[in-house]
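# sharing a model that was predicted from the sequence below.
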Amino acid sequence: MLTVLSENFSLVNSWINELRNVETQTNRMVFRKSMERIGEIAAFEISKSLEQKEIEIMTPLDKIKVKEIAVQPVITTILRAGVPLFQGILNYFDKADCGFVAAYRKHDANDYFSIKQDYLTCPNIEGRPLIVADPMLATGASLIEAIKDLLTNGNPTQIHIVSAIASKQGIETIQNAYPEAKLWIGTVDEKLTAKGYITPGLGDAGDLSYGEKLQR
């Protein structure tokens, strides 16, 4: 299932514009906040699809039966670029557990790249919804590797993937690899560059959030 959050005009469109615009990208706080807000909207939409349970609570006047999330999700992200989007999701699922993956593209002399994954920490996801925040879904290669490793911690009831911008190719790659996954995408771009970056895209989400990294 694919849901494009900006398909029906809303504030999401304005936040994506701020992420893309070179005139506003220089303000890292604004960039992070726009990404965080997209995460919050995605979390709200995801919450509608989660399993519910009935509980009884006491108001100042009487007891009442209400609905609540049956099982809290596990929210995960790929460091470092995914942190603002992840935080937006966590703002709404504030009772969730969390996991983190450190993965990156390793380019060779010919500018071909492989995915290097150095670190994973995640609680047991058996029988729980899994939410993965990845701000830029380009080729889908790093996300597939991250999910593969996350699934060594159990079989989730649902897989939700949240991205601010995705390429059509990346979406198709994820849907082929994990057809059961539900994708919540801010907006979809048509193309990838020869180096596998989304265009028009927005640039490097990690650098724009936290500063340009040193090349080693």
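Ah, there it is.

# can we go C-alpha only for contacts and neighbour counts from here?
OK.

# so Lys65 sits against Lys53, correct?
No. With contact defined as CA atoms under 8 Å, Lys65 and Lys53 do not form a contacting pair (10.2 Å).

# ok, now which ones touch the most centrally placed residue in the chain?
For the chain, the residue nearest the mean C-alpha position is Ala133 (1.9 Å; CA atoms, centre = their mean). Residues near Ala133 by CA atoms under 8 Å, 6 or more residues apart in numbering: Ile75, Thr76, Thr77, Ile78, Gly82, Leu85, Phe86, Ile161, Val162, Ser163.

# where's it relative to Ile55, distance?
30 Å (CA to CA, to the nearest Å).

# the contacts of Ala133 in strands, which ones?
Using DSSP state E, the members of those that fall in strands are Ile75, Thr76, Thr77, Ile78, Ile161, Val162, Ser163.

# the first one: neighbour count?
Neighbouring residues of Ile75 were enumerated by other CA atoms under 10 Å; the total is 25.

# and what about Thr3, helix, strand or coil?
Assigned with DSSP: H, G, I helix; E, B strand; the rest coil, Thr3 falls in the strand class.

# do the same with Glu45
helix.

# quick check, pLDDT for it.
On pLDDT, Glu45 comes in at 98.

# from Gly170, how far off is it?
21 Å.

# right, and the helix or strand after the lowest-mean-pLDDT helix or strand in the chain?
Least confident helix or strand, the chain: strand 113-121 with a mean of 70, by mean pLDDT, DSSP states H and E. Counting by DSSP states H and E, the next helix or strand C-terminal to strand 113-121 is strand 129-133.

# partner strands of that following strand and their direction?
Next to strand 129-133 in the sheet, as set by DSSP bridges, lie strand 74-79 (parallel), strand 158-167 (parallel).

# show me what secondary structure element comes after it.
According to DSSP H and E, the helix or strand after strand 129-133 is strand 136-137.

# roughly how far is that next one from the heart of the chain?
8 Å (CA atoms, centre = their mean, to the nearest Å).

# repeat for stretch 51-71
Per CA atoms, centre = their mean, the displacement of stretch 51-71 from the mean C-alpha position of its chain is 29 Å.

# hmm, who's touching that stretch?
By CA under 8 Å, 6+ apart, stretch 51-71 touches Ser47, Leu50, Arg128, Pro129.

# so the residue of the chain most remote from its centre, which state does it fall into?
Within the chain, the residue lying farthest from the chain centre (CA atoms, centre = their mean) is Leu61, at 40.9 Å. Following three-state DSSP, we place Leu61 in the coil state.

# dihedrals phi and psi, it?
Phi and psi for Leu61, reported as degrees, to the nearest 10, are phi -110, psi -30.

# look up how far Asn21 lies from it.
Separation of Leu61 from Asn21 (CA to CA): 52 Å.

# ok so, going back, beta partners for the residue nearest to the centre of the chain?
Bridge pairing for Ala133 - DSSP bridges - gives Thr77, Val162.

# low-scoring stretches of the protein, by residue?
The chain contains residues with pLDDT under 70 at 103-117, 213-216.

# contacting residues for Pro129?
Applying CA under 8 Å, 6+ apart, the residues near Pro129 are Leu50, Val71, Gln72, Pro73, Val74, Pro156, Thr157, Gln158, Ile159, His160.
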